[in-house]
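A.B. asks: Task: produce atomic coordinates for the following.
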Amino acid sequence: MDKAGAVRIDKWLWCARFFKTRSLAAEEIARGRVQVNGAPAKAAREVRAGDTVDLRQGRVARSVVVRAVASTRGPAPVAQQLYEETAESLAVRALVAERQRLAPEPAAALHDGRPTKRERRAIDQARDWGERWSASWDES
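C.D. replies: Residues are numbered from 1 along each chain as shown. I've put the predicted structure just below:
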């Protein structure tokens with residue numbers, strides 16, 4: 001860890017283990033999903049200790065304060081010392097996780113799947129097509 005100095009944002013995001021590869025970090029930066037001190041960042045933007053980085057990892061939005069910079073990727077415990085997540089970010093992530101946990105299962109809306117042949121016939125009889133054999137309008 002380098003206490004002083006600066007490093008490119010794409011390299012720092014990779015070293016801090018927010019993204020698996022540096023090219024993935026650069027891709028997310030190019031998509032506008034990373035901001036440094038409230039301004040959109042480019043991959044070559046340098047970060048220093050004390051900068052605030054806002055980023056999205058999939059659905060998860062995070063806001064972290066840079067504590068140190070590193071030029072090489074190390075083990076996860078070392079990477080976690082490079083940043084500190086803000087209290088607001090932690091609260092929002094906890095709220096989103098709780099909402100997701102309490103959300104209804106999308107498959108629960110599908111009660112029993114497709115209707116059986118018998119259920120299909122009952123549905124068709126309930127519609128009462130009458131004498132018409134097609135759904136189109138007959139003018140006779």
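A.B. asks: which residues make contact with the helix or strand hosting residue 123 from outside it?
C.D. replies: Residue 123 belongs to helix 117-127 when elements are defined using DSSP states H and E. Residues from elsewhere that reach helix 117-127, judged by CB atoms under 8 Å, 6 or more residues apart in numbering: residue 115. (Glycine included, C-beta is placed from N, CA and C.)
A.B. asks: do the same with stretch 77-92
C.D. replies: Here stretch 77-92 has contacts from 1, 12, 15-17, 52-53, 61-70, 73, using CB under 8 Å, 6+ apart.
A.B. asks: If any of the residues you listed are buried, put those into a ChimeraX selection.
C.D. replies: To isolate the buried members of those in ChimeraX, using 16 or more other CB atoms under 10 Å:
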select :12,15,16,17,53,62,63,64,66,68,69,70
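A.B. asks: From the contacts of stretch 77-92, which land in strands?
C.D. replies: With DSSP state E as the criterion, strands contain 52, 53, 61, 62, 63, 64, 65, 66 from among these.
A.B. asks: quick one: buried residues of the top helix by length along the chain?
C.D. replies: In the chain, taking DSSP state H as the definition, the longest helix is helix 87-102. By neighbour count on 16+ other CB under 10 Å, the buried set for helix 87-102 is residue 89.
A.B. asks: Likewise for stretch 47-57?
C.D. replies: Of the residues in stretch 47-57, those buried (16+ other CB under 10 Å) are 47, 49, 51, 53, 54, 55.
A.B. asks: In CSV: those residues, plus pLDDT.
C.D. replies: As requested, the buried residues of stretch 47-57 are exported to CSV (pLDDT from 0 to 100):
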residue, pLDDT
47, 95
49, 93
51, 94
53, 96
54, 95
55, 94
